[in-house]
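**Student:** Curious how this folds, go ahead:
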Amino acid sequence: MLKNITLLEKLKPLSYLHDNANFPAYLKILAPFFQHDYKSASQEEREIFFYNLLYLAQRDLSLAHCIQHNQKSRLAIELGPDSEVKSYLKDTEYYEVVCANSAHRAMDTIRYNPETNTVTAGVKGWLSNLIPADFCTIEILDITAPAGTSAAHIIHNNETVTPDIYTICLDLRKINHTKLDAGPVASIGMKGAAPGLLTIHEALELGTDKCYLLIKNSRNHALTYTWMDYVKQCWVTVHLGVIIGLFNELKRFPESMDPILEYRLKSIELEISTLKVMWEHGLITNGNKNHYLNENKILEVTKFWNMHSTQYAKSKEVLLDVIHVTLEIGRHEFVNDLTPEGIRFKDALTYVTHMISLYRCN
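**Tutor:** Numbers count the residues shown, from 1 in each chain. Next up is the predicted model:
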């Protein structure tokens, strides 16, 4: 049974380490709060998991991000076909296994060749948890997709074509590879997440115990693939957490009491409350594909993926507002790497640029 997190004061922020090599040690401490079987978990356990993730994101965004990606990878494996890796996860202590996960990136060169049924040698960028990872789950494209292709689309004969996307599992204990810490560039914040660059040095046959397919074109299975619900709820949870964390930090300083700022801060607080209500609604409806925001048959109903997309977009917008006010107040603590305020602010700066732009995420 999952427990509610009540305090994290004894845990030094992961970002102070500037890498996540120590993530396994943190995972052992946090196991009682995050270890659960998502498929068979009760509604109460699922809600506790997300409340714990929200709490964690308010205090240590890097650590919350690493927990999220560890869980995403584990769930993808659990929902996938029977395999040696799946059995190993079931039979091994939760904190003794670290998993990494990453969607496709334009910089990635690892591809799937259907003719030879092999995964090509190449690189996979932006893998959080990579350094201590035992397994990773990644998205790769078909070998026919042009270099630098986004997973979202390919322009072919002036038409948008969605490429085939293969989600595969790699057993990093068994394949010839190298891990480069901190990826192609170092980020401003979220140092503890330390997204790495994975290089596979030789082609791998797909369908073995060290490289196998989890699902093809997962986005086409949004109505039946539990993983999609879980991931969307994770993103809005962590977004809400970093917003609340930075806003509460901001309110601690006397500058926030300036009458000129009072209206703006109250307005932001109202938006945060709105996001919280949407988040709580998402907890209740998570996994219910038939649920709509309203049941009015005259008006067009809002489907679950529209709810998540709208909340994700609004989360980015609100986080930008909080960042702007923080910059205007101009406290030195927010740019000092040695202070919790500085870490939290730079984490927020990094997170607001994550994945996709505000103008494309809704």
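**Student:** Can you tell me how far the most far-flung residue of the chain relative to its centre is from residue 236?
**Tutor:** Relative to the centre of the chain, and counting by CA atoms, centre = their mean, the farthest-placed residue is residue 259 at 37.3 Å. Noted for residue 259: a distance of 33 Å to residue 236, by CB to CB, to the nearest Å. C-beta coordinates here come from the backbone N, C-alpha and C atoms, glycine included.
**Student:** Next: residue 218.
**Tutor:** With CB to CB as the criterion, residue 218 and residue 236 are 19 Å apart.
**Student:** more neighbours, these two?
**Tutor:** residue 236 (23 against 19; other CB atoms under 10 Å).
**Student:** For that one, give me its contacts.
**Tutor:** For residue 236, the contacting residues are 275, 278, 279, 282, 308, 311, 312, 315, by CB atoms under 8 Å, 6 or more residues apart in numbering.
**Student:** Quick check: the last one is in a strand.
**Tutor:** No: under DSSP: H, G, I helix; E, B strand; the rest coil, residue 315 falls outside any strand and is assigned helix.
**Student:** low pLDDT regions in the stretch 151-300 of the chain?
**Tutor:** Residue ranges of the stretch 151-300 of the chain with pLDDT under 70: 151-161, 182-186, 287-300.
**Student:** That one: helices as residue ranges?
**Tutor:** Assigned by DSSP state H, counting those that start in this stretch, the helices in the stretch 151-300 of the chain fall at 226-251, 259-285.
**Student:** Isn't residue 349 up against residue 190?
**Tutor:** No: if you go by CB atoms under 8 Å, residue 349 and residue 190 don't touch, sitting 9.3 Å apart.
**Student:** Neighbour count: the two, which is higher?
**Tutor:** residue 190 (28 against 19).
**Student:** show me what contacts that one?
**Tutor:** Neighbouring residues of residue 190 by CB under 8 Å, 6+ apart: 15, 61, 62, 65, 346, 347, 350, 351.
**Student:** Quick check: residue 353 vs residue 23, distance?
**Tutor:** Residue 353 is 23 Å from residue 23, by CB to CB.
**Student:** So these two - more neighbours on which side?
**Tutor:** The residue with more neighbours, out of residue 353 and residue 23, is residue 23; 27 against 13, by other CB under 10 Å.
**Student:** Distance check, the more buried one against residue 98.
**Tutor:** Taken as CB to CB, the span from residue 23 to residue 98 is 6 Å.
**Student:** For these two, list the residues in contact with both.
**Tutor:** Applying CB under 8 Å, 6+ apart, one finds that residue 23 and residue 98 are jointly contacted by 70, 129, 132.
**Student:** Go through the residues you listed and name the one nearest residue 266.
**Tutor:** When the shared contacts of residue 23 and residue 98 are compared for distance to residue 266 (CB to CB), residue 70 wins out at 37.5 Å.
**Student:** That closest one in helix, strand or coil?
**Tutor:** helix.
**Student:** before we move on, the earlier item: what's the lowest-pLDDT member of the contacts of residue 190?
**Tutor:** Among the contacts of residue 190, residue 15 carries the lowest pLDDT, at 70.
**Student:** Am I right that that one is in a strand?
**Tutor:** No: note on residue 15: no strand contains this position according to three-state DSSP, which reports helix.
**Student:** Next, count neighbours for it.
**Tutor:** The number of residues near residue 15, taken as other CB under 10 Å, comes to 25.
**Student:** My guess is it contacts residue 188. True?
**Tutor:** No: between residue 15 and residue 188 there is no contact under CB under 8 Å: 11.1 Å.
**Student:** pLDDT at residue 1, what is it?
**Tutor:** For residue 1, pLDDT reads 70.
**Student:** Nearest spatial neighbour of it, chain-adjacent residues omitted?
**Tutor:** Once flanking residues are discounted, residue 1 sits nearest to residue 45: 7.1 Å by CB to CB, 6 or more residues apart in numbering.
**Student:** What of residue 321?
**Tutor:** Closest to residue 321 by CB to CB, 6+ apart is residue 268, at 5.4 Å.
**Student:** who's in contact with the one you found?
**Tutor:** Shown in contact with residue 268 (CB under 8 Å, 6+ apart): 247, 318, 321, 322, 325.
**Student:** and residue 99, backbone torsions?
**Tutor:** Backbone geometry at residue 99, expressed as degrees, to the nearest 10, gives phi -120, psi 150.
**Student:** how close does the residue nearest to it when sequence neighbours are not counted sit to residue 335?
**Tutor:** Spatial nearest neighbour of residue 99, excluding adjacent residues (CB to CB, 6+ apart): residue 73 at 3.4 Å. To residue 335, residue 73 is 34 Å away according to CB to CB.
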